[in-house]
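Sharing a model prediction with you, sequence too.
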Amino acid sequence: MLRVVLLVLACNLVVASAVAEDADAGIRVEGPGVAPQLGFACCDQGIEQMQFLFANPEVIASLKDLHAEVAVSILDFSPERAELVRRLNREGIPVMAWMELSKEEGFYLNADNAPEAAARVADFEKWTDENGLKWEAVGLDVEPNFNKFAELKGHRWRLIMTLLGRSLNGGRVKRARQAYAALIRGIQTRGYLVQTYQMPYLPAERSVHSTLLDRMLGTVDVRGNEEYLMLYTNNARPLGAGMIWSLGWNAQAIAIGSTFGDGAAGSGSGPLDWDEFSRDLIVASHFTKQIGVYDLEGCVRQGFLPRLRAMNWSESVVIPEVSVKRVERLGFVSRAVLWIASNLLYLVLAIVILIGWRWSVRRRRKPAA
């Protein structure tokens with residue numbers, strides 16, 4: 001649930017972007033005419049699911065036809081995971097190492113587990129050398145510790161006090177940023193490109209020079225060689241592709257999704273159906289040639305790979321007027337709230353100075369008795 005809230009919030013924290021003048025008719029987005037570079041995240045559902053996925057020879061064939069990359073989750077250092085990477089290496093499919101932590105550590109990299117992340121990378125390098133694995137890049141998935149917030153579910157005041165305490169602790173995020181910057185430099189010196197997968201509120205924070213959400217949620221603003229904004233519209237269907245249209249202009253690369261999950265595709269917070277998925281691909285490709293997809297398992301389950309191979313990238317899609325206006329309205333309000341919250345101390349100080357000035361003026365004007 002928290003992830004849904006954060007993604008919707010991120011949609012609202014957009015910096016004013018080019019919305020079509022003909023907003024009453026919605027925005028028509030033309031396809032790029034050529035396929036972008038697609039990268040599919042996979043293998044974070046356990047060993048058996050991973051083996052089942054690649055037991056289908058059509059999966060490898062489709063990936064090769066699409067000239068696609070694969071980001072393999074590094075949840076463990078098992079022989080089975082190593083064998084999968086070797087197979088992809090043999091097939092000539094570019095492989096990214098998608099760094100994740102254990103379930104107990106919260107999976108994602110954040111301000112609370114920089115030492116664990118460094119240890120994970122060290123173990124990964126040893127495992128890579130022992131198994132002769134080849135990687136195109138190392139990906140760092142920077143997200144809040146959702147497990148930690150889930151523990152506070154139903155404890156409103158504990159949650160409020162936790163967020164408040166974090167918001168006042170700027171040193172925590174600063175130290176984490178330094179630690180992750182050093183980690184990224186170390187990975188790069190070993191010859192790897194570094195990708196970072198970031199929450200979509202990051203551009204908004206940068207635009208107002210704020211770290212408020214990073215401090216509260218534990219995310220870290222660090223850059224590698226490529227930065228992907230995770231714009232998952234299945235968690236923000238009222239905004240739909242308007243989310244990508246508003247945030248995409250500021251993205252070096254975009255990750256869309258999710259195509260995997262419970263529930264009927266295209267309904268509620270269930271996975272994207274083909275219409276939603278192809279729409280998001282067209283809109284994302286308007287801004288970048290690098291598009292990540294979460295995830296490969298969902299695409300295979302829903303039969304998306306053959307349709308991707310036949311996809312017409314010259315097609316256009318329309319972002320409805322209601323989505324455009326909703327993003328504009330919520331974006332304005334949320335930017336104002338973020339700016340005020342980030343500058344609250346200065347605003348209070350200004351108000352105190354103004355009150356003092358007015359009091360002194362009145363006192364000077366008061367006639368002597």
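Nice, thanks for sending it over.

Where does pLDDT dip in the stretch 201-350 of the chain?
Residue ranges of the stretch 201-350 of the chain with pLDDT under 70: 344-350.

That one: helices as residue ranges?
Secondary structure of the stretch 201-350 of the chain, counting by DSSP state H, counting those that start in this stretch: helices at 202-207, 212-217, 242-247, 274-285, 296-301, 304-309, 321-342, 344-365.

Rebuild these as JSON lines, extending it with mean neighbour count and distance to Lys153.
Heads up, the C-betas are built off the backbone N, CA and C, glycines and all. Formatted as JSON lines, the helices of the stretch 201-350 of the chain follow (neighbours: other C-beta atoms under 10 Å; distance: least, C-beta to C-beta, whole Å):
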{"stretch": "helix 202-207", "mean neighbour count": "20", "distance to Lys153": "25"}
{"stretch": "helix 212-217", "mean neighbour count": "23", "distance to Lys153": "15"}
{"stretch": "helix 242-247", "mean neighbour count": "28", "distance to Lys153": "25"}
{"stretch": "helix 274-285", "mean neighbour count": "22", "distance to Lys153": "28"}
{"stretch": "helix 296-301", "mean neighbour count": "22", "distance to Lys153": "26"}
{"stretch": "helix 304-309", "mean neighbour count": "16", "distance to Lys153": "33"}
{"stretch": "helix 321-342", "mean neighbour count": "17", "distance to Lys153": "23"}
{"stretch": "helix 344-365", "mean neighbour count": "10", "distance to Lys153": "27"}
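
Out of those, flag the one nearest Arg120.
Ranking the helices of the stretch 201-350 of the chain by their distance to Arg120 (criterion: C-beta to C-beta) puts helix 212-217 first, at 20.7 Å.

What lies in contact with the closest one?
The contact list for helix 212-217 (C-beta atoms under 8 Å, 6 or more residues apart in numbering) reads 6, 110-111, 144, 163, 166-170, 172-173, 199, 201, 205, 219-221, 338, 341-342.

picking that back up, just so I know, which of the helices of the stretch 201-350 of the chain lies nearest Arg86?
Of all the helices of the stretch 201-350 of the chain, helix 296-301 comes closest under C-beta to C-beta, at 17.7 Å.

Dump that closest one to PDB, keeping only the CA atoms.
Output of helix 296-301 as PDB, limited to C-alpha atoms (Å, rounded to 0.1, in the frame of the first residue of the first chain):
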ATOM      1  CA  LEU A 296       9.900 -10.400 -17.800                       C
ATOM      2  CA  GLU A 297       7.800 -13.000 -16.000                       C
ATOM      3  CA  GLY A 298       4.600 -10.900 -16.400                       C
ATOM      4  CA  CYS A 299       5.300 -10.300 -20.100                       C
ATOM      5  CA  VAL A 300       5.700 -14.000 -20.700                       C
ATOM      6  CA  ARG A 301       2.600 -14.900 -18.700                       C
END
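
packing partners for that helix?
Contacts defined by 3 or more C-beta pairs under 8 Å, 6 or more residues apart in numbering; DSSP states H and E place helix 296-301 against strand 37-42, helix 47-54, helix 304-309.

So which of these has the densest surroundings on average?
Ranked by mean neighbour count, those are led by strand 37-42 with a mean of 24 (mean count of other C-beta atoms under 10 Å).

quick one: that one to helix 47-54, angle?
For strand 37-42 against helix 47-54, the angle by axes from the mean of the first three to the mean of the last three C-alpha atoms, to 10 degrees is 140 degrees.

Relative to strand 37-42, what are the paired strands and their orientations?
Strand pairing for strand 37-42, using DSSP bridges, gives strand 69-74 (parallel), strand 290-294 (parallel).

Next one: Leu308 from Glu80, what distance?
Distance of Leu308 to Glu80, given as C-beta to C-beta, to the nearest Å: 27 Å.

Ok, Tyr180 next?
Separation of Tyr180 from Glu80 (C-beta to C-beta): 29 Å.

Could you check which of those two has the larger neighbour count?
Shown here are Tyr180 and Glu80; by other C-beta atoms under 10 Å, Tyr180 has more neighbours (24 against 12).

Now the helix or strand where the more buried one lies: buried residues?
Here Tyr180, judged by DSSP states H and E, is contained in helix 170-189. Going by neighbour count (16 or more other C-beta atoms under 10 Å), the buried part of helix 170-189 is 172-173, 176-177, 179-180, 183-184, 187.

Okay, angle between the helix or strand following it and strand 290-294 too, please.
Once helix 170-189 ends, the next helix or strand along the chain (criterion: DSSP H and E) is strand 193-198. Angle of strand 193-198 versus strand 290-294, following the same axes, to 10 degrees, is 60 degrees.

which residues touch strand 193-198?
By C-beta under 8 Å, 6+ apart, the list of residues contacting strand 193-198 reads 71, 96, 136-143, 184, 187-188, 219, 221-230, 253, 255, 292.

how about a cut-off of 7 Å?
For strand 193-198, the external contacting residues (C-beta atoms under 7 Å, 6 or more residues apart in numbering) are 96, 136-142, 184, 187-188, 222-230, 255.

Now, of these, which are buried?
96, 136-142, 184, 187, 222, 224, 226-230, 255.
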